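> Can you look at this prediction? I've put the sequence above it.
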Amino acid sequence: MLVIPTPISFYTSLIYNLRNQSPMDSNEALQRLAEAMAGEICLAENDPGAIMRRWRERFDISQKSLAKHLSVSPSVISDYESGRRKSPRVDTIKRFVEGLIEMDAEEGGRVAVALEKLIAPEIASDAILDSREFGFPVPSRLLVEHLDCNVLTHHNLLDRDIYGYTALDSIRAIVSLTPQQLLRLYGGTTQRGAILTNVSTGRSPMVAIKASQISTSVAVKPAVVILQGVKELDPLAVKIADSIHVPLCVSEITSTEDLVREIRAFDPQM
C-alpha cells in the first residue's frame with residue numbers, strides 16, 4: 001500500500017536528508033539556513049511553488065541559471081514555481097535549496113551571510129516583516145523614491161549603494177531585540193536599508209539605532225532609515241539621524257501591509 005507522508009513526516013525526512021547528506025554539514029549557519037528554507041517550502045501545503053520562487057528571488061538567481069546549475073530544463077523550475085507540479089519530493093527540495101546556496105557561494109556568499117543573521121535562533125522572527133538581498137549595488141534613493149518618502153536628513157547621502165534591506169515591526173523589534181541583535185539585522189554592513197513600520201514618533205527606533213553603535217565595538221549603522229506609520233515625528237529622531245549621518249526618511253504609505261507589498265514589488269533593475 002502506498003503511504004502518502006503527512007507534512008510533518010515529510011518535513012522530518014527532508015531535514016534528516018539535509019543533515020546527513022549535505023555538503024554543508026560542516027557549516028552550522030549554512031545548515032540552519034538550508035533547514036529553514038526547506039522547512040518553509042515543504043510545510044507550505046497550498047502553494048510550495050510560491051515559496052520556492054520567493055527564495056530563488058531572494059538569492060537573485062534566474063530560473064534559467066538555477067536550472068543549468070541543477071542540470072534540469074528551465075521548464076522544470078517554472079512548473080514547480082507556477083504550481084503545475086504540485087508536490088515537490090524530498091530530493092527535489094533538497095537539490096533546490098542546496099543549489100541556491102551553492103550558486104550564492106560561487107559569487108562570494110553575500111546573500112547567505114545576510115540571511116544567516118536573520119534566522120539566528122536568538123533573533124525573534126516575528127519582528128522581521130521582510131528581508132531582501134539585491135546581489136548588486138543599488139543607490140538607496142531608488143528604494144526611498146519607490147516607497148514615496150520624504151527625506152528629512154542627509155539627502156546628499158542617498159547616492160550611497162545598498163545591497164538589501166530589512167523591514168521590521170518597530171514595536172516588536174524594540175521590545176524583543178537587544179541592540180546587538182538589531183545590529184545583526186542590518187547584515188553587519190553599512191550598505192543596507194532599515195525599514196521600520198508601525199512607528200508613532202520615530203524616537204524609539206532612532207534611539208535603538210544610536211544605542212546599537214554605542215554598545216558595540218564596531219559602529220555599524222544602516223545606510224538609510226525609512227519610517228512608516230509616523231503620527232507626530234519627534235525632533236529627537238531627526239537630531240539623532242543628523243548626528244550619526246544617516247538619511248532619515250518617512251514613507252507616505254499609510255498601512256504596513258501596503259508598505260510590505262510595495263517593497264516586495266521593488267525592482268532595482270528597472
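Thanks, I have the structure now.

> any idea how far residue 115 lies from residue 98?
Note on residue 115: its distance to residue 98, by C-beta to C-beta, to the nearest Å, is 14 Å. C-beta: built from backbone N, CA, C; applies to glycine.

> okay, these two: which has more neighbours?
Between residue 115 and residue 98, counted using other C-beta atoms under 10 Å, the more crowded position is residue 115 (25 against 21).

> The nearest residue to that one once chain neighbours are set aside and residue 97, how far apart?
Beyond its immediate neighbours in the sequence, the residue positioned closest to residue 115 (C-beta to C-beta, 6 or more residues apart in numbering) is residue 33, lying 5.6 Å away. Counting by C-beta to C-beta, the gap from residue 33 to residue 97 is 9 Å.

> Then residue 209?
According to C-beta to C-beta, residue 209 stands 33 Å off from residue 97.

> and the longest strand anywhere in the chain, what other elements does it pack with?
Secondary structure of the chain per DSSP state E: the longest strand is strand 128-139. Here strand 128-139 is seen to pack against helix 48-58, helix 110-118, strand 161-169, helix 256-265 when contacts are counted using 3 or more C-beta pairs under 8 Å, 6 or more residues apart in numbering; DSSP states H and E.

> isn't residue 53 right up against residue 78?
No. Distance between residue 53 and residue 78: 9.4 Å, which falls outside the contact criterion (C-beta atoms under 8 Å).

> Show me the protein divided up by domain.
Described in terms of automatic domain parsing, the domain architecture of the chain consists of the residue ranges 7-114, 125-265.

> With mean pLDDT as new columns, can the ones you listed be given to me in CSV?
Formatted as CSV, the entries for the domains of the chain read as follows, by pLDDT from 0 to 100:
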stretch, mean pLDDT
domain 7-114, 79
domain 125-265, 83
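
> Which parts of the stretch 101-250 of the chain are helices?
With helices called from DSSP state H, counting those that start in this stretch, the stretch 101-250 of the chain shows them at 110-118, 140-146, 170-176, 179-185, 203-214, 235-243.

> could you say what helices and strands the second one packs with?
The criterion is 3+ C-beta pairs under 8 Å, 6+ apart, and the helices and strands that helix 140-146 contacts are strand 161-169, strand 224-227, helix 256-265.

> Next: the longest one.
Using 3+ C-beta pairs under 8 Å, 6+ apart as the contact criterion, the secondary-structure elements in contact with helix 203-214 are helix 170-176, helix 179-185, strand 224-227, helix 235-243.

> 10 Å - rerun?
If contacts are counted by 3 or more C-beta pairs under 10 Å, 6 or more residues apart in numbering; DSSP states H and E, helix 203-214 sits against helix 170-176, helix 179-185, strand 193-197, strand 224-227, helix 235-243.

> Kindly export stretch 259-270 (C-alpha atoms) in CSV.
What follows is stretch 259-270 as a C-alpha-only set of coordinates in CSV (Å, rounded to 0.1, in the frame of the first residue of the first chain):
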residue,chain,number,x,y,z
LEU,A,259,4.4,49.0,2.5
VAL,A,260,5.4,45.4,2.6
ARG,A,261,3.7,44.8,-0.7
GLU,A,262,5.5,47.8,-2.3
ILE,A,263,9.0,46.8,-1.1
ARG,A,264,8.4,43.3,-2.5
ALA,A,265,7.4,44.9,-5.8
PHE,A,266,10.6,47.0,-5.9
ASP,A,267,12.7,46.2,-8.9
PRO,A,268,16.1,47.9,-8.7
GLN,A,269,16.9,46.9,-12.3
MET,A,270,14.0,49.0,-13.8
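
> what's it in contact with?
54, 57, 60, 129-132, 134-139, 142-143, 145-148, 162, 164-165, 167, 193, 195, 197-198, 226, 228-229, 251, 253, 255 (C-beta atoms under 10 Å, 6 or more residues apart in numbering).

> Any idea how far apart the tips of stretch 134-143 sit?
12 Å (C-alpha to C-alpha, to the nearest Å).

> er, stretch 60-73 actually
19 Å.

> buried stuff in that stretch?
Of the residues in stretch 60-73, those buried under the neighbour-count criterion (16 or more other C-beta atoms under 10 Å) are 60, 61, 63, 65, 66, 67, 69, 70.

> do stretch 72-83 as well
Quick answer for stretch 72-83 (16+ other C-beta under 10 Å): 76, 77, 78, 80, 81.

> Correct me if wrong: residue 99 contacts residue 91.
No. Counting by C-beta atoms under 10 Å, no contact exists between residue 99 and residue 91, whose distance comes to 12.0 Å.
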